[in-house]
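**Student:** Provided below for reference: sequence and predicted model.
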Amino acid sequence: MISIKDAIALVKNNTSALLEETTKLVEKANGYILSKDIISPVNMPPFRQSAMDGYALNPHKNLTYNLIGEVKAGDAHQPILKPGEAVRIFTGAAVPNTASAVIMQEKITLKSNSIIITQHIKEGQNIRPLGEQVKIGETALQKGTKLNPAAIGYLTSLGITKVSVYRKPTLAIVTTGNELIEPGQELKHGEIYESNSKMLLSALYSLKYYDVSFYKVEDNYGKTVNLLQSAITKNDVVIITGGISVGNYDFVGKALNKLKVKEVFYKVKQKPGKPLFFGKKNQTSIFALPGNPAAALTCFYIYVYVALQKMMGRAKLELPRIQATSKSNFIKRGDRPQFLKAIYTEGEVEILEGQNSSMLQTFAISNALVFVPAEVSEISINDTVETILLPF
């Protein structure tokens, strides 16, 4: 049984960035990492653009201007303004070349075909200059940038339709257990609804990993070997839930040994999630998580998350850890470090009831985990505690 620190280090050291390039449509590239610099094919904005609704002016010494027309967003015509002339203009419209400022509509008095401004204006006032965001030929986004919705909008505004990105890992979720049935079926005595696969799928989707396959195997050694062999061959990461212990009907460990999966570690000194396995077969990472749901999800966020981040070549591999003030009392039993389901709010954290590894009810309302080291046996209100922020 190894420490949490050593287990995390082993996951990091035994996982490599994929660094395989693929091309994605921009609208489907959210969450991917750019594998090449993006060079802007246009100026943005591609013309001098009005920053607000108002009047574009060719300044002169007086405060009265003659109105000679208007320019809407999308208009291509370029009115020629003489000094002392103005046009009505709207946000996003192209500012005429002969106008050097835009005054907002609230700062004028309208009189038939003229306007009177209430203040002197400055050169370039309320005009977004050509190429203010980025100029043609400049780097719009650098290689290594993680694309988010704003980046998708930005690239689309430059007319870019496809991007080169690093591919994301393919993943398999494998569930084991004769007692597990699909929701929607009638429960018989001794059966429970299988929830771990949906829980882990949701966690992966929230992190923008969508290439996920499902496998379910009954408690049978031969079938477990065959199914795991298929999952390992086809995927970069295999996540197994249940069957990793040493009971008579726990066949995952035996099957992994049969398949010559290299054991990196098995069992971590922690609660929940002690019976955690991490191994490698060629380039595939295999995580066998505990069957208890809260333990499985905790191990996912502490270990599987790290491997996924490393595969994507990201700099920050672990979830953020901060110091927070406890709003709760807690007495730890045993000598293992613990991860406690909690709610974090503005520098304070509340440790929840229902910390059993089989219980998801409190995990369902948690947004953090409080980490209690081995040497700490008790937490009191107003103590400072290490808090892991969950990614949702």
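**Tutor:** Arrived safely, thanks for sending. Numbering: from 1, shown residues only.
**Student:** what about this protein, any weak spots by pLDDT?
**Tutor:** Within the chain, the ranges that satisfy pLDDT under 70 run 243, 245-249.
**Student:** which parts of it are helices?
**Tutor:** In the chain, the segments counted as helices under DSSP state H are 4-13, 149-157, 196-206, 221-234, 252-258, 293-299, 305-311.
**Student:** right, so those helices: which one is the most enclosed?
**Tutor:** Among the helices of the chain, helix 293-299 has the highest mean neighbour count (mean count of other Cβ atoms under 10 Å), at a mean of 25. The C-beta positions use only the backbone N, C-alpha and C, and glycine is treated the same way.
**Student:** tell me what it is packed against?
**Tutor:** Under the contact definition 3 or more Cβ pairs under 8 Å, 6 or more residues apart in numbering; DSSP states H and E, helix 293-299 sits against helix 196-206, strand 284-289.
**Student:** repeat that for 7 Å
**Tutor:** Here helix 293-299 touches helix 196-206, going by 3 or more Cβ pairs under 7 Å, 6 or more residues apart in numbering; DSSP states H and E.
**Student:** the helix it packs on vs strand 284-289, what angle?
**Tutor:** Orientation check (axes from the mean of the first three to the mean of the last three Cα atoms, to 10 degrees): helix 196-206 against strand 284-289 gives 130 degrees.
**Student:** quick check: the gap between Pro83 and Asn66.
**Tutor:** 10 Å (Cβ to Cβ, to the nearest Å).
**Student:** please apply the same query to Gly84.
**Tutor:** Using Cβ to Cβ, Gly84 is found at 6 Å from Asn66.
**Student:** the two: which is more packed in?
**Tutor:** Taking other Cβ atoms under 10 Å, Gly84 and Asn66 do not tie; Gly84 has more neighbours (15 against 12).
**Student:** skip the chain neighbours and tell me the closest residue to the more buried one.
**Tutor:** Residue nearest to Gly84 in three dimensions, not counting chain neighbours: His60, with 4.2 Å by Cβ to Cβ, 6 or more residues apart in numbering.
**Student:** how many other residues sit next to the one you found?
**Tutor:** Close neighbours of His60, defined as other Cβ under 10 Å, add up to 12.
**Student:** so it touches Ala86, yeah?
**Tutor:** No. The pair His60 / Ala86 is not scored as a contact, 10.4 Å apart, by Cβ atoms under 7 Å.
**Student:** what's the distance between the nearest residue to Tyr305 once chain neighbours are set aside and Ser112?
**Tutor:** Leaving out its chain neighbours, the residue that sits closest to Tyr305 by Cβ to Cβ, 6+ apart is Leu319, at 6.3 Å. Per Cβ to Cβ, Leu319 is found 64 Å from Ser112.
**Student:** neighbour-wise, which of the two wins?
**Tutor:** Looking at Leu319 and Ser112 with other Cβ under 10 Å, you find the greater number of neighbours at Leu319, namely 16 against 6.
**Student:** ok, back up a step: of the helices of the chain, which is nearest Pro79?
**Tutor:** Across the helices of the chain, the minimum distance to Pro79, taken as Cβ to Cβ, is reached by helix 149-157, at 25.9 Å.
**Student:** can you list contacts of that closest one?
**Tutor:** In this structure, residues lying in contact with helix 149-157 by Cβ atoms under 7 Å, 6 or more residues apart in numbering are 26-27, 29-30, 38, 44, 141, 145, 163.
**Student:** now do the end-to-end distance for stretch 104-119.
**Tutor:** Chord length of stretch 104-119, first to last residue, is 11 Å (Cα to Cα, to the nearest Å).
**Student:** starting at the chain centroid, how far to that stretch?
**Tutor:** Offset of stretch 104-119 from its chain centre (Cα atoms, centre = their mean, to the nearest Å): 48 Å.
**Student:** which residues touch stretch 211-228?
**Tutor:** For stretch 211-228, contacts defined as Cβ under 7 Å, 6+ apart pick out 168, 170-178, 197, 201, 204, 231, 235, 249, 251-252, 254-256, 258-259.
**Student:** okay but Glu85 is in contact with Gly69, surely?
**Tutor:** No. Using Cβ under 7 Å, Glu85 is not in contact with Gly69; the gap is 9.3 Å.
**Student:** quick one: which of these two has more around it?
**Tutor:** Glu85 (21 against 14).
**Student:** residues contacting the more buried one?
**Tutor:** Counting by Cβ under 7 Å, 6+ apart, Glu85 touches 58, 65-66, 68.
**Student:** buried ones among those?
**Tutor:** If you count burial by 16 or more other Cβ atoms under 10 Å, the buried members of the contacts of Glu85 come out as 58, 65, 68.
**Student:** could those residues be laid out in CSV, adding distance to Ile286?
**Tutor:** Below are the buried ones among the contacts of Glu85 laid out as CSV (distance: Cβ to Cβ, whole Å):
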residue, distance to Ile286
Asn58, 71
Tyr65, 74
Ile68, 73
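**Student:** nearest to Ile381, of those?
**Tutor:** Checking the buried ones among the contacts of Glu85 against Ile381 by Cβ to Cβ gives Tyr65 as the nearest, at 66.9 Å.
**Student:** and this protein, what are its domains?
**Tutor:** Annotated domains of the chain cover 4-18+168-311, 21-37+141-166, 49-128, 321-389 [automatic domain parsing].
**Student:** distance to Val134 added to those, as TSV?
**Tutor:** Supplementary listing: those in TSV, determined by distance: least, Cβ to Cβ, whole Å:
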stretch	distance to Val134
domain 4-18+168-311	25
domain 21-37+141-166	7
domain 49-128	12
domain 321-389	33
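**Student:** which of these sits most buried?
**Tutor:** Stretch with highest mean neighbour count among the domains of the chain: domain 4-18+168-311 (a mean of 18; mean count of other Cβ under 10 Å).
**Student:** distance between the ends of that domain?
**Tutor:** Using Cα to Cα, one end of domain 4-18+168-311 lies 20 Å from the other.
**Student:** please state the offset of that domain from the chain centre?
**Tutor:** For domain 4-18+168-311 - counting by Cα atoms, centre = their mean - the centre lies 21 Å from the chain centre.
**Student:** now do stretch 90-106
**Tutor:** With Cα atoms, centre = their mean as the basis, stretch 90-106 stands 39 Å off its chain's centre.
**Student:** fine, thanks again, bye for now.
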